[in-house]
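**Student:** Provided below are the primary sequence and the corresponding predicted coordinates.
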Number of protein chains: 2
Amino acid sequence: MTLDREQVLRSAAALLTRRSTATMDEVAKAAGIGRATLHRHFSGRDALVRALEELGIQEFGAALDAAAMDEGTSEEALRRFVVAVEPSAGLLSFLVTENQLFEGDDQNAGWDRLDARVAAFFRRGQERGEFRIDLTPAWLTEALYGLIGTGAWAVQAGRVAARDFPYMIVELLLGGARRSVEQ
Amino acid sequence: MTLDREQVLRSAAALLTRRSTATMDEVAKAAGIGRATLHRHFSGRDALVRALEELGIQEFGAALDAAAMDEGTSEEALRRFVVAVEPSAGLLSFLVTENQLFEGDDQNAGWDRLDARVAAFFRRGQERGEFRIDLTPAWLTEALYGLIGTGAWAVQAGRVAARDFPYMIVELLLGGARRSVEQ
DNA sequence: CCCGAATGAGACATTGCTGTCTCATTCGGG
DNA sequence: CCCGAATGAGACAGCAATGTCTCATTCGGG
């Protein structure tokens, strides 16, 4: 017994990433437990989503920590980060969409903190002359999130190879599609 | 009388863009009509979404046409396109999310045709030496869609200025965040 | 081995949305 | 002006998911 809460959350994340409207019953079945048991541990769908949110925040923060965004060039740091965040990309994409539904409501302070860290990273890169300054840190942050979500979806849909995920995201975000003269 | 179908679709698009789970009743109220009338014109929620899908496909195609993707440099064409597609960005973002829910089901052939046009544009740019060739046309296409959706959302959330929308998307997609040496 | 705790299966009421229907009202063309 | 068509408001049943509860079963620590 002693239900593995972590494993339940992981399977729920995997399912909801694919189909965000999945039923509590489907979530339970996907975790290999009964719906009643699922309800005993997460008082409702809201509680489940909130638990997933905390998991996502924790993983996102862990990826930022693991990437050591202050060390080396900004480009190296960004590469490390995208590699570190890749396993959580699907979950994060789901949570972003889910958050968009709560229009105006109180947004989890955890996200603000993470957003601030990412935006500060881009600002630092601008101050060091590594990033262009005509694109705001806020936009670069949003664009990074968007590309991670898009990449996760494209991989899952089979439109791009999974092993290219970090390369494609970082190359596009940093270098863009334009072929530069020195190439 | 003689309900303005176009105007109903537009207000539905505006509402569903903000909150994709809006009720038929809310859609009707947003359009200033009764729920019964809404049902008389769109036999159900599915029919409404399908009508919105056709509208989105038509607008997307119109934006491609208006941008004349074959004329001038690829960069100029892309700029024209993003400017032309901006008014439809919210609707397209909603439709992409909605389509993701139909896992595996028959996807509207209209999208395939549009995807092919966009991918062909990037491929042409690669052949002309304007775009780098280590990023696949399929990925560039997905990334463009993702950035358009992200941009639309960031504007609506007030995180970036609306008038910067085309500039930010095109600059990031083409040039990337890296500050190049010649700058 | 045994007993308590946790689980799974299912019944049940509730809720919110949907789709259909009716009927009084309103609009607008002829 | 008048009549038919369209609309709005609301009633209604159906349905799917939720959340709660019960009860038999199973697991595992002592």
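**Tutor:** The structure has been received and is ready for your questions. Keep in mind that this is a model prediction, so the values were computed, not measured. Numbering: from 1, shown residues only, chains lettered A, B, ... in the order given.
**Student:** state the mean pLDDT of the longest helix seen in chain A.
**Tutor:** Taking DSSP state H as the criterion, chain A has its longest helix at helix A:45-67. Taken as a whole, helix A:45-67 has a mean pLDDT of 97.
**Student:** can you list the helices and strands that that helix packs against?
**Tutor:** helix A:5-18, helix A:24-31, helix A:74-85, helix A:89-101, helix A:109-127 (3 or more Cβ pairs under 8 Å, 6 or more residues apart in numbering or on different chains; DSSP states H and E). Yep, even glycine has a C-beta here, placed from its N, CA and C like the rest.
**Student:** ok, and does that helix reach over to DNA strand C?
**Tutor:** No - residues of helix A:45-67 contacting DNA strand C under Cβ under 7 Å from any atom of the strand: none, with a closest distance of 12.2 Å.
**Student:** flag every buried residue along that helix.
**Tutor:** A:48-49, A:51-53, A:55-57, A:59-60, A:63-64, A:67 (16 or more other Cβ atoms under 10 Å in any protein chain shown).
**Student:** tell me how many other residues crowd residue A:154.
**Tutor:** 24 (other Cβ atoms under 10 Å in any protein chain shown).
**Student:** I'd say it and residue B:144 touch.
**Tutor:** No - look at residue A:154 against residue B:144 with Cβ atoms under 8 Å: they stay out of range, at 11.8 Å.
**Student:** what is the lowest-mean-pLDDT helix or strand in chain A packed up against?
**Tutor:** Least confident helix or strand, chain A: helix A:89-101 with a mean of 92, by mean pLDDT, DSSP states H and E. When contacts are defined as 3+ Cβ pairs under 8 Å, 6+ apart, helix A:89-101 sits against helix A:5-18, helix A:45-67, helix A:137-156.
**Student:** how near is the spatially most central residue of chain A to chain B?
**Tutor:** Taking Cα atoms, centre = their mean, the centroid of chain A lies closest to residue A:92, which sits 3.2 Å from it. Distance, residue A:92 to chain B, by Cβ to the nearest Cβ, to the nearest Å: 13 Å.
**Student:** skipping its backbone neighbours, what lies nearest that residue in space?
**Tutor:** residue A:56 (5.5 Å; Cβ to Cβ, 6 or more residues apart in numbering or on different chains).
**Student:** what's near enough to touch the one you found?
**Tutor:** A:13, A:88, A:91, A:92, A:95 (Cβ atoms under 8 Å, 6 or more residues apart in numbering or on different chains).
**Student:** now the second one: how far from chain B?
**Tutor:** Relative to chain B, residue A:88 is positioned 17 Å away (Cβ to the nearest Cβ).
**Student:** now do the last one
**Tutor:** The gap separating residue A:95 from chain B is 14 Å, by Cβ to the nearest Cβ.
**Student:** for that residue, the count of nearby residues, please.
**Tutor:** 25.
**Student:** chain neighbours aside, what residue packs nearest to it?
**Tutor:** residue A:56 is the one closest to residue A:95 (Cβ to Cβ, 6+ apart), at 4.7 Å.
**Student:** quick check: that neighbour vs residue A:20, distance?
**Tutor:** 13 Å (Cβ to Cβ, to the nearest Å).
**Student:** circling back to that earlier point, got the helices and strands packed on helix A:45-67 as TSV, with distance to residue B:167 columns?
**Tutor:** Formatted as TSV, these follow (distance: least, Cβ to Cβ, whole Å):
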stretch	distance to residue B:167
helix A:5-18	32
helix A:24-31	42
helix A:74-85	22
helix A:89-101	23
helix A:109-127	17
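**Student:** closest to DNA strand D out of these?
**Tutor:** Among the helices and strands packed on helix A:45-67, helix A:24-31 comes nearest to DNA strand D, with 3.4 Å by Cβ to the nearest atom of the strand.
**Student:** what comes up buried for that closest one?
**Tutor:** A:27, A:28, A:29, A:30, A:31.
**Student:** can you tell me which of the contacts of residue A:56 is nearest residue A:126?
**Tutor:** Residue A:126 lies nearest to residue A:92 out of these, by Cβ to Cβ, at 24.3 Å.
**Student:** how near is the closest one to residue A:6?
**Tutor:** Applying Cβ to Cβ to residue A:92 and residue A:6 gives a distance of 17 Å.
**Student:** need the nearest residue in space to residue A:108, chain neighbours excluded.
**Tutor:** residue A:53 (5.9 Å).
**Student:** domain parsing for chain A?
**Tutor:** A:1-42, A:49-175 (automatic domain parsing).
**Student:** tell me which of those sits nearest to residue B:77.
**Tutor:** domain A:49-175 (18.4 Å).
**Student:** the residue of chain A found nearest DNA strand D: neighbour count?
**Tutor:** Closest to DNA strand D within chain A is residue A:44: 2.9 Å, counting by Cβ to the nearest atom of the strand. As a burial measure, residue A:44 scores 11 neighbours (other Cβ under 10 Å).
**Student:** quick check: it vs residue A:38, distance?
**Tutor:** 10 Å.
**Student:** likewise residue A:67?
**Tutor:** In terms of Cβ to Cβ, residue A:67 sits 34 Å off from residue A:38.
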